[in-house]
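Peer 1: Predicted model and sequence below, questions to follow.
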Amino acid sequence: MDEIKNIYNFSCTNVNGEETSLSDYSGKALLIVNTASKCGFTPQYQGLQDLYKEYSGKGLEILGFPCNQFGNQEPGSDEEISLFCSAKYDITFPLFSKIEVNGPAAHPLFKFLTSSKPGLLGSEKIKWNFTKFLINKSGEPIKRFSPRTPPEQLSSDITDLLEAQN
């Protein structure tokens, strides 16, 4: 089997139940985040939306992947998650169907991301909600950020990535 080198080989179900090929985002920088609605880090949705407003016209897409694996902090249905994000944070970036990011049922995209950009001490696990992966325009993961890193601290990395690939 050929080694996967970018995210474009994956498809995911969006929050509306539609299958989406990540190749649809080819040529864009991406920030992929596992999210949750009832987490101490949930206010990061606002920072993510602010980044999206600032950089979406410059070639960045943010993709949110709700996950209920950490303290049952995302118990709602896809529809409830979508309504929460819209009502509370006016989220306009793409949200996907709730997935698992760790363990045997982890979505293949997150298996790829965590093996490409392991965490602390080489761990291939997601530590908590709001772990963030920055992906270049070729679909290659280039950086991983911990849940504790607020979105506003990613601006310089995003700017550098967008400028380097123009």
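Peer 2: Thanks, I have it. Numbering: from 1, shown residues only.
Peer 1: Tell me who's in contact with the residue nearest to I135 when sequence neighbours are not counted.
Peer 2: Closest residue in space to I135, ignoring its immediate chain neighbours: L30 at 3.9 Å, by CB to CB, 6 or more residues apart in numbering. C-beta here means a position set from N, CA and C on the backbone, and glycine is covered the same way. For L30, the contacting residues are 7, 60-63, 133-135, 139, by CB atoms under 8 Å, 6 or more residues apart in numbering.
Peer 1: and those residues, which two are the farthest apart?
Peer 2: I62 and G139 (15.3 Å; CB to CB).
Peer 1: which SS state does F65 fall under?
Peer 2: Recorded secondary structure, F65: strand (DSSP: H, G, I helix; E, B strand; the rest coil).
Peer 1: hang on, isn't it packed against T13?
Peer 2: No: F65 is beyond contact range of T13, at 10.3 Å (criterion: CB atoms under 8 Å).
Peer 1: Give the residues shared as contacts by these two.
Peer 2: Joint contacts of F65 and T13 (CB under 8 Å, 6+ apart) are F96.
Peer 1: Please say which of those two ends up with more neighbours.
Peer 2: F65 (22 against 15; other CB atoms under 10 Å).
Peer 1: that older thread, sheet partners, orientation included, of the host helix or strand of the residue nearest to I135?
Peer 2: Under the criterion of DSSP states H and E, L30 resides in strand 29-35. Here strand 29-35 has these sheet partners by DSSP bridges: strand 60-66 (parallel), strand 132-135 (antiparallel).
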